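>>> How does the following fold in three dimensions:
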Amino acid sequence: MADDLLKEVTDFFKDGEKDKKIEKSFANVNKASTLIAARDFHDSIKVKEDPSNCRRTLTQLLHLQQNAVEKLNHIEATEVFFGVTKLFFCKDSSLRRMVYVALKELYKLCDPSDVIIVTSCLTKDMTCNIDIYRANALRVLVRIIDSSMLSALERYVKQAIMHKSPLVASSALVSSLQLYQKSTENASIVKRWIGEVNEAMKSNDAMVQFHATELFYQIKENDRLAISKFVQKHSGVITNGSSSASRIKDRVRSPLAIICLIRYTSKLMHEEVMEGRVASDASIMNATEICAVGYRYFESCLRHEVDIVAFEAAKAICTLPTTSPEVVLPALSVLQLSLSSTKPASRLATVKLLCGLASLHPRLVSRFNEGLEALIGDPNRLIGTLSMMTLLKTGTENSLDRLLKSISNFLYQIAEEYKVMVVHSLERVCLTYPTKSRIVIGFLSKFLRDEGGFLFKKTIVKSIVSLIQKIPEDDVRDIALLYLCEFIEDCEFVNLSTEIIHLIGQYGPQASSPARYVRFVYNRCILEKSVIRASAISALTTFAIECPDLRHSILPLLKSCLTDEDDETRDRVVLALNLIGEDSTETNTDEKDYDAHDKQSEETSIVHVLTSKLPMSFDNLALSLKAYQKIPGAMEAIEPLSFDNLPIVEGPDEIESKGSGILEESPSNLLEDDNIKKLDPAAAVYAIPELASFGRVFKSCNPIPVTEAESEYVVTYIKHILDNFIILQFMVQNTIEDQRLENVSVALQTDSAAYEVVGEIEAKTISYGHSENCYTVLERNLQEPFEPFALAAELKFTVIQVDPETGEGEGDQDLLEEEYPLEDLEIFNSDFVAKTTVVDFRKAWESIGNTNEILQKFGLGDKTIQSATIAVVDCLGMQTCDGTGQIKPGSKQHMLHLSGTYLGGVKVLARCQIAGSKDVGTILKIAIRSESKEVSKQILESL
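Reported below is the predicted structural model:
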């Protein structure tokens, strides 16, 4: 039957003119006439004599419902629905197929009580001997039944899952997937079919195996141990305790099912690394049993005869969380074949994977350069864009000039979102090869003057500004500012012009020749819109304040703008003249005897307030203000709001934010809004009055697991640091289906004299699959010095046995009080340090002074510069500054600048020099400065 249907459809669409005929046949469909024709459904004689007319009417009804402006209302749909149910007596197979389609569309407009009448007809078809009727009836039934009806039809679905016909079995499995996702009540019933799903895995049909694999994973998604056993059983990899015959017998043959197994295995291996079961210096190929079996399975799939399976295995290997190149080597041969494929989809997927892989292993990907250069001219422009980006990552400093010539013509042929991706790649190239930054900045500035959209030009401006900040060379800054000055002469975007003028005012006074930028800024005062003129006045004011030699030249320019027609511009001119006049008078009276005291008095003046930078970015300021609003009583406080009163919001570290590099540059990722919404972990503490009374949270650490992910009770905790307290928030998840936990708490024991347990808040009840919070409070003993300490933890709770289907308790039962051991909790010195940035590290370093400075030297063993840098940042818990979190490839030494704030608002800075030597290994020289000698010692002890 299915073969006849496929042949009928194929023959129908052989002629291209059929599409035009179909469109014409529905051009004049009328709702009223169609509803009149639908009345023939009640006439059994007409239906029997001319089933094709009924098919035509059903098709017109479906067309009206999908495309027409005037759709069927509730009453009309109900009437048609009852008429369609009368067509079940007709034996015409084509009409029966249309009946199934119509029922799936019309039931949405009818009352559930009216829909029930058709279940008897569908149940009859589901138990008949015609496979296509059974399959279609199953698909319709899952759309219209609820959990109460599913219990009555459960045995029919279970029989269909194990049916010998692949069509019926596959339909039953797909229907079960839809039922599982429809509601939690249906999901609890489908979970009981796990035995039938395992039987379906033995089918020889590829689609049945695929759908059975998907359904099994949906049912056991939260059971990591069951997924692990399922993968090991059906992967065909021989392990300890398993025979080769049984593994070959259980091996999955379906290509789509194999792809699913590869993805499940990859997820398990990622979890092994994320949860700390794989050491940072261990090889992931044999670190644990799951990793060993998974990697061997990937290697076997690389030789699969189906291209998509081999590529999926190669992708899984390339995206493993490891930096070892030996792990990736087996996948390169498959990627080489896919790169030269005739299928555009294969080429696109391969280039996208290589682009991400090049961020971690540029030398390995460089062997594909010849093929990538050939793909630059691919008709698919995304393939060409990704090829160009990959070549920029793998190219050398000498090949950059040649690549820029290719990019120059290439950028005119691609869409704007792809241009943005190339600009980001060029920015990264400059950071890798700083000596080429002047060439790249000149190259990008050429496109600023050409035609282009706002997003493209804004990205170029941001990249140039980023290079100014991260490459501290005067010639790079000067040439970049000149190119930006030329751009604003003809810039049609007001926002960009305003931003660039502000940047010129920020960086121009520190340039080697500040006077050359004054002309460009003043031109904006007389030629542009009022917003730009006001911004130009502020920039000129900054030049006059920070460059005393230029004041006599800038004052006439400002005075000429006193007659400007815009109020904002005139107000800024008046303010600037007052500030410059006062400051210039002070400078003339004591110009020769300008000393440290004069400098300090100037910094406290209004001039310093207007010209100094914010101590945090605008994004962090917005997040900090939102966190401040959540603090109980903060909005009613009498004290004025200042930066010192705001809660500290930790930003992503430069090393962490760099990411793994895999698939990081897709258009959707690059076009996302930069201001990603961040959650405040302390909000959970403020929501509980008993905990909110302890005061403001200084810092909330990242969640830390204290149980295995596959254990019965999954527990993670967050350390909330306060001035005199530590609040430990425990997030407890119940993974046992027939249990409900009550009165859940965590008991702690410690030998530390600095902190003691003073209170607990229990979680009242935790049902299966849910997570709840319980809290334990530690109080600081100020009479004792602080030292890092550990706490023995134990989960305490009461167990209630429940019915897995209803979640209700099983009658009278004795309450079981149980204890579950947890891993030890640890409190470190770094927990009391918040990551905060400084605008000018050198100036901040000098302002703190060396009164409380501590110098020390450490040997770090055989660590690489990269791993040593990550370890130092992790131990100290501070924020990298001035772009020092990014390490140049192949560098033998690295200077690291770190900043932070210790508990109590104590500013802390650190300078770390990390150098590698073949004789003595990696050496760390560190200097720590803070406002307190004791704090400097505490930070040093973190190492």
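
>>> which of the residues in stretch 285-293 are buried?
285, 287-288, 290-293 (16 or more other CB atoms under 10 Å). Backbone N, C-alpha and C define where each C-beta goes, glycine included.

>>> ok, now stretch 432-443?
432-433, 436-438, 440-441, 443.

>>> Output those in JSON lines; the columns should cover distance to Leu558, pLDDT and secondary structure.
Formatted as JSON lines, the buried residues of stretch 432-443 follow (distance: CB to CB, whole Å; pLDDT from 0 to 100; DSSP: H, G, I helix; E, B strand; the rest coil):
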{"residue": "Thr432", "distance to Leu558": "43", "pLDDT": "80", "secondary structure": "helix"}
{"residue": "Tyr433", "distance to Leu558": "42", "pLDDT": "81", "secondary structure": "coil"}
{"residue": "Lys436", "distance to Leu558": "40", "pLDDT": "83", "secondary structure": "helix"}
{"residue": "Ser437", "distance to Leu558": "34", "pLDDT": "84", "secondary structure": "helix"}
{"residue": "Arg438", "distance to Leu558": "33", "pLDDT": "85", "secondary structure": "helix"}
{"residue": "Val440", "distance to Leu558": "36", "pLDDT": "86", "secondary structure": "helix"}
{"residue": "Ile441", "distance to Leu558": "31", "pLDDT": "86", "secondary structure": "helix"}
{"residue": "Phe443", "distance to Leu558": "36", "pLDDT": "85", "secondary structure": "helix"}
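
>>> which one of these is nearest Arg347?
Closest approach between those and Arg347, by CB to CB: Thr432, at 26.3 Å.

>>> can you count the residues close to Gln629?
Using other CB atoms under 10 Å as the criterion, Gln629 is surrounded by 10 other residues.

>>> element containing it, please.
helix 618-630 (DSSP states H and E).

>>> Helices of the stretch 701-850 of the chain, start to end?
For the stretch 701-850 of the chain, the helices defined by DSSP state H, counting those that start in this stretch cover 841-848.

>>> Now that Ala754 has come up, it's in contact with Asn781, right?
Yes. The pair Ala754 / Asn781 is scored as a contact, 5.6 Å apart, by CB atoms under 8 Å.

>>> Those two: who's more crowded?
Set Ala754 next to Asn781 and count neighbours by other CB under 10 Å: Ala754 wins out with 18 against 14.

>>> Which residue ranges of the stretch 251-400 of the chain form helices?
Using DSSP H, counting those that start in this stretch, helices in the stretch 251-400 of the chain cover 255-274, 289-301, 307-318, 325-328, 332-339, 344-357, 362-365, 369-374, 381-394, 400-410.

>>> Need those in CSV (columns: mean pLDDT and distance to Leu555).
Shown next, in CSV, are the helices of the stretch 251-400 of the chain (pLDDT from 0 to 100; distance: least, CB to CB, whole Å):
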stretch, mean pLDDT, distance to Leu555
helix 255-274, 88, 61
helix 289-301, 87, 71
helix 307-318, 92, 62
helix 325-328, 85, 63
helix 332-339, 90, 64
helix 344-357, 91, 54
helix 362-365, 87, 54
helix 369-374, 87, 57
helix 381-394, 88, 47
helix 400-410, 81, 44
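
>>> For Glu794, which of those helices is the nearest?
helix 255-274 (25.2 Å).

>>> okay, the angle between that closest one and helix 307-318?
Calculated by axes from the mean of the first three to the mean of the last three CA atoms, to 10 degrees, helix 255-274 forms an angle of 0 degrees with helix 307-318.

>>> Packing partners of helix 255-274?
helix 206-219, helix 224-235, helix 289-301, helix 307-318 (3 or more CB pairs under 8 Å, 6 or more residues apart in numbering; DSSP states H and E).

>>> could you dump these to CSV with distance to Thr396?
Formatted as CSV, the helices and strands packed on helix 255-274 follow (distance: least, CB to CB, whole Å):
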stretch, distance to Thr396
helix 206-219, 45
helix 224-235, 41
helix 289-301, 31
helix 307-318, 22
